[in-house]
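Engineer: predicted structure and sequence below. I'll ask about it afterward.
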Amino acid sequence: MTRDLMPQFIRLHEQSYQQSSEDEERDFLMEVDEPFVDHHLPDDVEDFLLMITELHQRVEQIHVLLADLKKHQGEIISEIHMNKRLHEEHDILVSEIKKESSSVNEQIKRLKVVVEGEKRDGYITTEGKMKRDQVNVLVLIFQEVMEEFNRTQIEHRDHCKSRIKRQFEICGHDVDGEDIEEMLENNEVNVFTKHLGIDDLAKTQNALREVENRHADILKLEKSITDLFEIFQEIAILVEMQGGLIDNIQHNVEETIIIVEESQQQLRKAMKYKRQNIFTCCCPAFVRNSIHCCTVM
């Protein structure tokens with residue numbers, strides 16, 4: 001008696017086609033998802049992009065140092081007794097941020113000179129445009145990090161002023177913001193002691209030490225802002241000069257991301273439709289051949 005092999009043939013065909021289609025779709029989507037890499041860039045462009053990548057990494061390192069600085073400042077404001085080690089670590093972090101920021105800023109200025117050198121008869125070359133765009137995006141990211149550093153220092157200054165005010169309230173003497181600013185401008189603490197008698201001073205030594213410590217912290221952070229003022233100015237000028245261009249770059253990048261995502265979704269749908277169509281088209285012919293084979297057997 002002839003065996004009915006049709007169910008087995010159809011099952012084997014479905015399994016074979018499904019596996020081959022999945023492999024084809026996966027390979028195809030991997031090619032789509034893989035970022036474009038041009039392996040034929042001129043040497044000077046590749047070197048330039050390597051420098052850009054290195055600077056991005058250094059800016060990210062500044063951001064990491066900044067996060068650590070915020071943590072130290074929070075601990076300093078919350079401390080009951082002065083922790084000398086904590087303050088030393090804080091000062092080291094500020095020094096590293098200043099040093100690294102100054103170095104990155106100098107590197108960016110050198111890259112801007114390189115980009116200017118790409119101009120020919122008043123027009124910038126295609127490679128020059130690519131280099132210019134890379135530098136402009138880097139400047140924008142660097143500016144965001146430096147602005148965050150500036151905000152962090154100002155917030156810490158305000159916290160220190162609040163602690164100073166609180167200590168004098170503990171001593172039973174009210175001071176206002178103008179008194180505190182006077183102390184900071186004159187670089188002295190004894191602007192407040194004139195309100196205290198000798199007995200008060202003896203009773204409030206801890207409070208006065210706290211005031212002195214916060215005063216010292218404020219002077220140091222103000223110096224850090226002053227030291228980096230030139231960098232803030234230079235970055236602001238660069239961003240202002242290239243503001244519209246940077247906005248266009250960001251817009252183009254965002255539009256490209258949206259288009260790529262939509263294209264990938266359409267490709268996935270197309271591959272799914274293709275798989276269904278192939279099976280529909282191939283199945284009748286396959287059934288006829290299978291019936292013929294079964295009849296022969």
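Structural biologist: Now that the structure is in, tell me what you want to look at. Numbering: from 1, shown residues only.
Engineer: nearest spatial neighbour of residue 232, chain-adjacent residues omitted?
Structural biologist: Distances taken as C-beta to C-beta, 6 or more residues apart in numbering put residue 146 closest to residue 232, at 6.3 Å, once the chain neighbours are dropped. Bear in mind the C-beta positions are built from the backbone N, C-alpha and C, glycine included.
Engineer: meant to ask about residue 65, not that
Structural biologist: Residue nearest to residue 65 in three dimensions, not counting chain neighbours: residue 97, with 5.1 Å by C-beta to C-beta, 6+ apart.
Engineer: I'd guessed the one you found sits against residue 61; true?
Structural biologist: No: with contacts counted by C-beta atoms under 8 Å, residue 97 stays clear of residue 61, the gap being 9.6 Å.
Engineer: of the two, who's got more company?
Structural biologist: residue 97 (24 against 15; other C-beta atoms under 10 Å).
Engineer: counting contacts, what elements does the helix or strand containing that one pack onto?
Structural biologist: Using DSSP states H and E, residue 97 falls within helix 84-116. With contacts taken as 3 or more C-beta pairs under 8 Å, 6 or more residues apart in numbering; DSSP states H and E, helix 84-116 sits against helix 43-78, helix 126-170, helix 205-227, helix 229-241.
Engineer: list just the one of the ones you listed that sits closest to residue 186.
Structural biologist: Checking those against residue 186 by C-beta to C-beta gives helix 205-227 as the closest, at 10.6 Å.
Engineer: which parts of the closest one are buried?
Structural biologist: 207-208, 210-211, 213-215, 217-218, 221, 224 (16 or more other C-beta atoms under 10 Å).
Engineer: cool, and stretch 135-142?
Structural biologist: Within stretch 135-142, the residues that qualify as buried by neighbour count (16+ other C-beta under 10 Å) are 135-140, 142.
Engineer: just stretch 47-57 next, same as before
Structural biologist: So for stretch 47-57, counting by 16+ other C-beta under 10 Å, buried means 48, 51-52, 55-56.
Engineer: would you agree the residue nearest to residue 232 is in contact with residue 100?
Structural biologist: No: between residue 146 and residue 100 there is no contact under C-beta under 8 Å: 11.0 Å.
Engineer: ok, the two, which is more surrounded?
Structural biologist: Just comparing residue 146 and residue 100: by other C-beta under 10 Å the higher neighbour count belongs to residue 146, 22 against 15.
Engineer: separation between the residue nearest to residue 227 when sequence neighbours are not counted and residue 226?
Structural biologist: Counting by C-beta to C-beta, 6+ apart, the nearest residue to residue 227 once its immediate chain neighbours are dropped is residue 98, at 5.8 Å. With distances taken as C-beta to C-beta, to the nearest Å, residue 98 is found 11 Å from residue 226.
Engineer: ok, residue 239 next?
Structural biologist: Taken as C-beta to C-beta, the span from residue 239 to residue 226 is 21 Å.
Engineer: and what of residue 148?
Structural biologist: 18 Å.
Engineer: next up, the contacts around the spatially closest residue to residue 153 that is not a sequence neighbour.
Structural biologist: In space, and not counting its chain neighbours, residue 153 is closest to residue 221: 4.7 Å by C-beta to C-beta, 6+ apart. The neighbours of residue 221, taking C-beta atoms under 8 Å, 6 or more residues apart in numbering as the test, are 94, 153, 156-157, 160.
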